[in-house]
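Q: fold the following for me, if possible:
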Amino acid sequence: PTPGQVWVQDIPGTACSLTMRPVVLADGGEMWVMEREVTWNPFDVFIFRLDEKSKKSTPESDAVTRPTKPYIAVDRGFGHNGYPALSMSLKNALQFAEWVSTKTGRTFRIPTVDQWKLICAQASIPSDQIDDYAWCSDNSGEKTHPVGKKKADALGLHDLYGNVGEWCLTGGTPEKPEGVLMGGGYESPAVELNCESNQPYDIMWNDSDPQFPKSIWWFADAAYVGIRLVCVEDDGQMTSKEKDENHDEE
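A: A predicted model of the protein is given here:
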């Protein structure tokens, strides 16, 4: 991508694309962030292996571990086409990012908290105009809404606050990553929407899942969990396929 420019990434084998906007890093470098939250449109392809069924997948993308199909209507009846994907675990979100990376040949990731805060700072959403920028408890009607309907912020992003909270990494290990939600969701009060507030993972997000063991991919009780990807230079993280290959060599 040309530095400083907006670009569109098609996801091969699908009818989906991601609009990416530039963000200046503290060291003067650059990363790109999705203009809108991930919707069900590409997430359905990932979940239900629609690229495989249409014979538009590749051996590399087929090798990416994908989640089990949800046993409930995880969109909660809020809406599907153009609505933010929701209720995915961090493991699910990370595998989606890996799948997009494999499909495109570029490095897409779940942002770290520090990366998200940097994005938020440059987005410069006025605290006294939250209603113009975010679906929150004051105006959401207790449901999510199609992405991109609220006013764009200073970076040209939509829904950085509200609609669904966005998974961000806080640390952990490759085998057991840890994360929190940033940005708040449709249930969040406007006064809680800022660059610092976060919502740590809570075991109650999947309390009503009747399966045993409970799903590692989906939350039965957290309809406010979503994702937005960033694209960065190759950060040295290995895909699960590469990890397996390295392990086999050992």
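
Q: would you mark the buried spots in the lengthiest helix in the chain?
A: Longest helix of the chain, by residue count under DSSP state H: helix 90-104. By neighbour count on 16 or more other Cβ atoms under 10 Å, the buried set for helix 90-104 is 90, 92-104. The C-beta positions use only the backbone N, C-alpha and C, and glycine is treated the same way.

Q: just checking: what are the partner strands of the following helix or strand past that helix?
A: Reading on from helix 90-104 to the C-terminus, the next helix or strand found by DSSP states H and E is strand 107-109. As defined by DSSP bridges, the strand partners of strand 107-109 come to strand 230-232 (antiparallel).

Q: now do the strand it pairs with: distance to the chain's middle.
A: Mean-position distance between strand 230-232 and its chain equals 12 Å (Cα atoms, centre = their mean, to the nearest Å).

Q: tell me which of the buried residues of helix 90-104 is nearest to residue 132?
A: Using Cβ to Cβ, residue 93 comes nearest to residue 132 of the buried residues of helix 90-104, at 27.8 Å.

Q: where do the strands sit along this structure?
A: 7-10, 17-24, 30-34, 107-109, 165-172, 177-182, 198-200, 225-226, 230-232 (DSSP state E).

Q: remind me which residues of the chain are low pLDDT?
A: Along the chain, the model assigns pLDDT under 70 to residues 234-250.

Q: 50 instead?
A: For the chain, the stretches flagged by pLDDT under 50 are 236-250.

Q: got a list of what the most centrally placed residue in it touches?
A: With distances taken as Cα atoms, centre = their mean, residue 227 lies nearest the centre of the chain, 1.8 Å away. Residue 227 sits next to 37, 38, 85, 88, 93, 96, 97, 110, 166, 167 when contact means Cβ atoms under 8 Å, 6 or more residues apart in numbering.
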